[in-house]
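Sequence first, then the predicted structure, then my questions.
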Amino acid sequence: MNITAFAYLVAAVCFIMALRGLSSPVTARAGNMYGIGGMALAVITTLLQPQVHAFLTIPLAIVIGGGIGTVVAQRIKMTALPQLVAAFHSLVGAAAVCVACAAFLSPGEFGITAPDGSIFAGSLVEMSLGVAIGAITFTGSLVAFAKLQGLVTGKPLVFLYQHRLNAGLGIFLAVLILWLVASGSAMAFTLIVLLSLSLGLLLILPIGGADMPVVISMLNSYSGWAAAGIGFTLHNNLLIITGALVGASGAILSYIMCKGMNRSIFNVILGGFGGDASAASGGSTAANDKPVKAGSAEDAAFIMKNASSVIIVPGYGMAVAQAQHALREMADHLKENGVSVRYAIHPVAGRMPGHMNVLLAEANVPYDEVFELEEINRDFAQADVAFVIGANDVTNPAAKTDPKSPIFGMPILDVENARTVLFVKRSMAAGYAGVENELFYHDNTMMLFGDAKKMCEHIVKAME
């Protein structure tokens, strides 16, 4: 039996188990352990191959990379996870480009040369696809990171004939790949790399900030397919399997997010959703002149203590304020007073699927109290209180009532159907999509202005 093939098979099974485990908060920890174990086995098996000779360089790279990763993991805030993921995807794309370049420059080392010394046509196809997707992933992920981090404006950067230009460059890229396969030209390979790097910039810059979560998921899928393409070049079955897993899971995640936002992936790539503030305002004019009912922590405490059912809707604002622990303490007080407490999660709350689930799990919120949109949406009509903490776009009724709104058609949490809506927010500013939330002005809405964590702490004190 081929020990290497068997070890790679075991590692692949571990990766599959990791994805399965990560599908639920209950099994997520075990899923992470499967992933760590599979990666450790894959790395060790690769290092033990007879063709590996860089026994100093590789461990040094592992130590340096592992050290940087450890520091980043310890310092990163939960609110910065989307841009961290984007940054990591850029590294995957860069790695694919580097490996493809190495294989093209030294094909003999990779066993992809024909008897006449030329590179096999099939290997050139795999190599060109891997380097093209990797380069697009690299620069595209950097742009996504910059937009989420605020280094680049979240508004779509559009220009005349941009779609025609991108389409023309895409056709030119296909022609270059055919040229490379037919001739093995170094010039063709170089142009493929440069053109793909440019396409990554041109494809992502015109996309608005509100669509960046979908873009990150899409780039995640790209990085997987790039890895799979390079896996064929390296004749590495594990890299092919792992790349396919990442590519497929990223594509599925992109579909889930697009469905949660009522968008198509082509609509995301070609549109400028969430970037035009004037368009985002939809049909609501002079909204700032509408009356707003503002309340205090004491008001909120009184209303919720006298309720029988409270549904909590967390969002990005809760993550920014790190209010999950104070929120759980507030929920515990309510449950001690006989109040039914549940949590409602929108698929894209927090700019990333599962973001809110992770934060609530960190605060030891019981899993059986957390429900997805489809499971709990109809229950808002029977709830006494909907406590919205930091969520905005995912609760905006304009998605159902205003055809002119950019978010029209996006599934939202029907919090407006609750008897009372308590909305924790720092100000009346629009959400991440740049769309004003008409829920602020509803008769059954009470605005609780202030920091989410401090507001929850004040509510807890008022309950005591």
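Arrived safely, thanks for sending.

number of nearby residues for the residue nearest to Asn377 when sequence neighbours are not counted?
Setting aside the residues directly before and after it, Asn377 is nearest to Asp414 in space (CB to CB, 6 or more residues apart in numbering), at 5.3 Å. For every residue, glycine as well, the C-beta is placed using N, CA and C. By other CB atoms under 10 Å, 20 other residues sit near Asp414.

wait, Asp414 sits on Glu374?
No. Asp414 is beyond contact range of Glu374, at 11.6 Å (criterion: CB atoms under 8 Å).

Tell me which residue lies farthest from the centre of this protein.
Farthest-out residue of the chain from its mean C-alpha position, per CA atoms, centre = their mean: Asp116, at 46.5 Å.

for the stretch 151-300 of the chain, what spans make up the helices?
Assigned by DSSP state H, counting those that start in this stretch, the stretch 151-300 of the chain shows helices spanning 162-183, 186-204, 212-234, 237-260, 265-270, 277-280, 297-305.

circling back: do you know the pLDDT at the residue nearest to Asn377?
Looking at Asp414, its pLDDT stands at 92.

Tell me who's in contact with the closest residue to Ala132 other than its chain neighbours.
Using CB to CB, 6+ apart and skipping the chain neighbours, the partner closest in space to Ala132 is Ser196 (4.4 Å). Ser196 makes contact with Val131, Ala132, Ile133, Gly134, Ala135, Ile136, Leu173 under the criterion CB atoms under 8 Å, 6 or more residues apart in numbering.

Just the element for the fifth one, please.
Assigned by DSSP states H and E, Ala135 belongs to helix 121-149.

Now do that helix against helix 162-183, angle only.
In terms of direction (axes from the mean of the first three to the mean of the last three CA atoms, to 10 degrees), helix 121-149 departs from helix 162-183 by 150 degrees.

quick one on the thing from earlier: wait, a helix at the residue farthest from the centre of the chain?
No. If the criterion is DSSP: H, G, I helix; E, B strand; the rest coil, then Asp116 is coil and not within a helix.

Quick check: it vs Gly184, distance?
11 Å (CB to CB, to the nearest Å).

sorry, back to before: just name the closest of the contacts of Ser196 to Ile58, please.
Nearest to Ile58 out of the contacts of Ser196 is Gly134 (CB to CB; 20.7 Å).

now stretch 225-234, how far from the chain's geometric center?
Offset of stretch 225-234 from its chain centre (CA atoms, centre = their mean, to the nearest Å): 23 Å.

next one: stretch 84-103
Per CA atoms, centre = their mean, the centroid offset for stretch 84-103 relative to its chain is 18 Å.

In that stretch, which residues are buried?
Using 16 or more other CB atoms under 10 Å as the test for burial, stretch 84-103 gives 84-87, 89-90, 92-97, 99-100, 103.

Next, the closest residue to Gly431 other than its chain neighbours: phi, psi?
Nearest non-adjacent residue to Gly431, counting by CB to CB, 6+ apart: Asn392, 3.2 Å away. Here is the backbone geometry of Asn392 (degrees, to the nearest 10): phi -140, psi -80.
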